[in-house]
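K.L.:
below are the sequence and a predicted model for it; my questions follow.
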Amino acid sequence: MTAPNRPESVDKSKIAELERKVSILSRLAETSAVLNSTMRLKPLLGSIMDTAAEIVDAEAASVLLWDYKKQELVFAATTTSDSYGQTLIGKQVPLEGSIAGTVMRENRIVMVDKVRDTIGHYSKIDEQISFQTRSVLGVPMRSRNRIIGVLEGVNKRQGAWTDDDGYYLSVLAAQAAVAIEGAQLVTQLQLANEELNQLDKLKSNFIAIASHELRTPLGVILGYASFLQDTVDPQVREHASKMVNSAMQLRRIIEDLTNLRYMEQSQLELNMEDVPLVDMLRELVGELQSLAEAKRHELSMTPPPFELRVRVDRIRMGMAIGNVLNNAIRFTPDGGRISVQVEQKPREVWIMVSDTGIGLAKDQLERIFERFYQIEDHMTRINGGLGIGLSIARAMVEAHGGRLWASSAGINQGSTFIIAIPTAPAKA
């Protein structure tokens, strides 16, 4: 009768092989955690290279990525050594006549134990960096059902490549492909964001310079046109009034652009003071009266029978209300009516600007406050504008802790814009 095998008789080589497999799987798990912990491409590639060389017992490893714009397979990373490292990055490898190209084209694992015996090796790379490639294991890197590149192990330290080597490297390649694509997307977004920031700075600088350069000549034009309004000749007065109205429109656009720049840069500061509301409204209506008369509008204000004071930045709030009034004048067909009413509400004062203009569809009631939004209408083409007046008005009102919204019965039914301003706290 044969005695059972003792533990000492178990094949030590099998134990060593199992230990190596456990070690490799642990290394892959660790690398997976690392790949999921960063979105920076350079550290990702470094971790992939180190793991690839270790798990297949290779002297070196490399990642080649497919450049979709140039339609080229290019070295993106390698393990570093005296002769095989950074000099390789950026070098192109042809799809035909290279091991990596075969992996890429045929979407399969390629094992070459003796490079000198194969005609598929691209030897020019070795010549360029003074390196001797003896053996190569290449696996495709797949992400979202497409191949993004090739992961290679180079120069097996002992023996030939095995199926296990191909399996382990493929597992790593699958993890690496997803991580690399994610990092590339983040990099692209960062570059795009930087470009947008640069464009935004250029835009802000342009607005600042243009606003500054336009203010002086505009002031001269307004002064001269206002002087001509006092002339005896009625025809000259009419032309002068048109000049004043046009210049006032341009001045309002310049002010809107300037305030838009300040709001984008969070530089808008409010100088709060107690302001008699009715006096401020009368002043605004008076300033826009000539613009309304030019379109034969009836612009009126119904003051409340009591005094109202609000704590606001007089200039900023005046600009907000002025933008709403100006919008009503522009988008009401000639011969219309624009009225301003004031109502006292609990903890708020409502300023209601109503017009007999083009009206608003239900889906436009909020969109009109979006920056640069313009209603597709012949009135827009006639009156022009940048589509930022109401956006700026709402931002200024909200900066005061107030609200601005619109209501309308529909297209061609006129509109009402309500500005709600918190009332000034009672003085002790």
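P.N.:
Done, it's in. The structure displayed is predicted, hence computed values, not measured ones. Residues are numbered from 1 along each chain as shown.
K.L.:
buried residues of stretch 38-46, list them for me.
P.N.:
For stretch 38-46, the neighbour count (16 or more other Cβ atoms under 10 Å) marks 39, 41, 44, 45 as buried. Just so you know, the C-beta spots here come from the backbone N, C-alpha and C atoms, and that holds for glycine as well.
K.L.:
so what's the closest residue to residue 226 other than its chain neighbours up against?
P.N.:
Distances taken as Cβ to Cβ, 6 or more residues apart in numbering place residue 244 nearest to residue 226, at 6.1 Å, with adjacent residues excluded. Residues counted as contacts of residue 244 (Cβ atoms under 8 Å, 6 or more residues apart in numbering) are 222, 225, 226, 229, 290.
K.L.:
can you give me the helices for the chain?
P.N.:
Secondary structure of the chain (DSSP state H): helices at 12-35, 41-55, 99-106, 124-129, 163-228, 234-264, 277-294, 314-330, 378-383, 389-399.
K.L.:
make JSON lines from these and add distance to residue 361 and mean pLDDT to it.
P.N.:
Listed next are those as JSON lines, based on distance: least, Cβ to Cβ, whole Å; pLDDT from 0 to 100:
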{"stretch": "helix 12-35", "distance to residue 361": "51", "mean pLDDT": "80"}
{"stretch": "helix 41-55", "distance to residue 361": "48", "mean pLDDT": "87"}
{"stretch": "helix 99-106", "distance to residue 361": "54", "mean pLDDT": "92"}
{"stretch": "helix 124-129", "distance to residue 361": "65", "mean pLDDT": "77"}
{"stretch": "helix 163-228", "distance to residue 361": "31", "mean pLDDT": "82"}
{"stretch": "helix 234-264", "distance to residue 361": "25", "mean pLDDT": "75"}
{"stretch": "helix 277-294", "distance to residue 361": "25", "mean pLDDT": "90"}
{"stretch": "helix 314-330", "distance to residue 361": "16", "mean pLDDT": "91"}
{"stretch": "helix 378-383", "distance to residue 361": "14", "mean pLDDT": "51"}
{"stretch": "helix 389-399", "distance to residue 361": "16", "mean pLDDT": "90"}
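K.L.:
give me the pLDDT for residue 70.
P.N.:
What the model reports as pLDDT for residue 70 is 86.
K.L.:
ok, it - how many residues close by?
P.N.:
A count of neighbours around residue 70, defined by other Cβ atoms under 10 Å, yields 9.
K.L.:
got it, and residue 295?
P.N.:
Counted with other Cβ under 10 Å, residues neighbouring residue 295 total 17.
K.L.:
and residue 235, by the same measure?
P.N.:
Using other Cβ under 10 Å, residue 235 has 8 neighbouring residues.
K.L.:
likewise for residue 136?
P.N.:
25.
K.L.:
hang on, the earlier thing: and the helices of the chain: which comes nearest residue 340?
P.N.:
Set against residue 340 and scored by Cβ to Cβ, the helices of the chain come closest in helix 277-294, at 6.0 Å.
K.L.:
for that closest one, give me every contacting residue.
P.N.:
Residues contacting helix 277-294 (Cβ under 8 Å, 6+ apart): 241-242, 244-245, 248-249, 298-301, 303-304, 307-310, 314, 317-318, 321-322, 325-326, 329, 338, 340, 342, 349, 351, 421.
K.L.:
now do stretch 35-55
P.N.:
Residues from elsewhere that reach stretch 35-55 (Cβ under 8 Å, 6+ apart): 24, 27-28, 31, 34, 58-63, 76-79, 151-153, 165, 168-169, 172, 175-176, 178-180, 182-184, 186-187.
K.L.:
drop anything exposed from these.
P.N.:
Burial by neighbour count, judged by 16+ other Cβ under 10 Å, picks out 24, 27-28, 31, 34, 58-63, 76-79, 151-153, 165, 168-169, 172, 175-176, 178-180, 182-184 from these.
K.L.:
just give the closest residue to residue 398, not the sequence neighbours.
P.N.:
Nearest non-adjacent residue to residue 398, counting by Cβ to Cβ, 6+ apart: residue 404, 7.3 Å away.
K.L.:
that neighbour bridge partners, please.
P.N.:
residue 419 (DSSP bridges).
K.L.:
if we can go back for a sec, what's the closest of the buried residues of stretch 38-46 to residue 237?
P.N.:
residue 39 (67.4 Å).
K.L.:
ok, and the closest non-adjacent residue to the closest one?
P.N.:
Spatial nearest neighbour of residue 39, chain neighbours left out: residue 186 (4.5 Å); criterion: Cβ to Cβ, 6+ apart.
K.L.:
and the gap between that neighbour and residue 76?
P.N.:
Residue 186 sits 16 Å away from residue 76 when distances are taken as Cβ to Cβ, to the nearest Å.
K.L.:
do residue 118 as well
P.N.:
Distance, residue 118 to residue 76, by Cβ to Cβ: 24 Å.
K.L.:
check residue 166 too.
P.N.:
Distance check for residue 166 against residue 76: by Cβ to Cβ, it reads 21 Å.
K.L.:
what about the closest residue to residue 144 other than its chain neighbours, neighbour count?
P.N.:
Leaving aside its sequence neighbours, residue 144 sits nearest to residue 181 (Cβ to Cβ, 6+ apart; 7.4 Å). Neighbour count of residue 181, defined by other Cβ under 10 Å: 17.
K.L.:
does residue 181 really touch residue 143, like I thought?
P.N.:
Yes. In this structure, residue 181 is within contact of residue 143 by Cβ atoms under 8 Å, at 4.8 Å.
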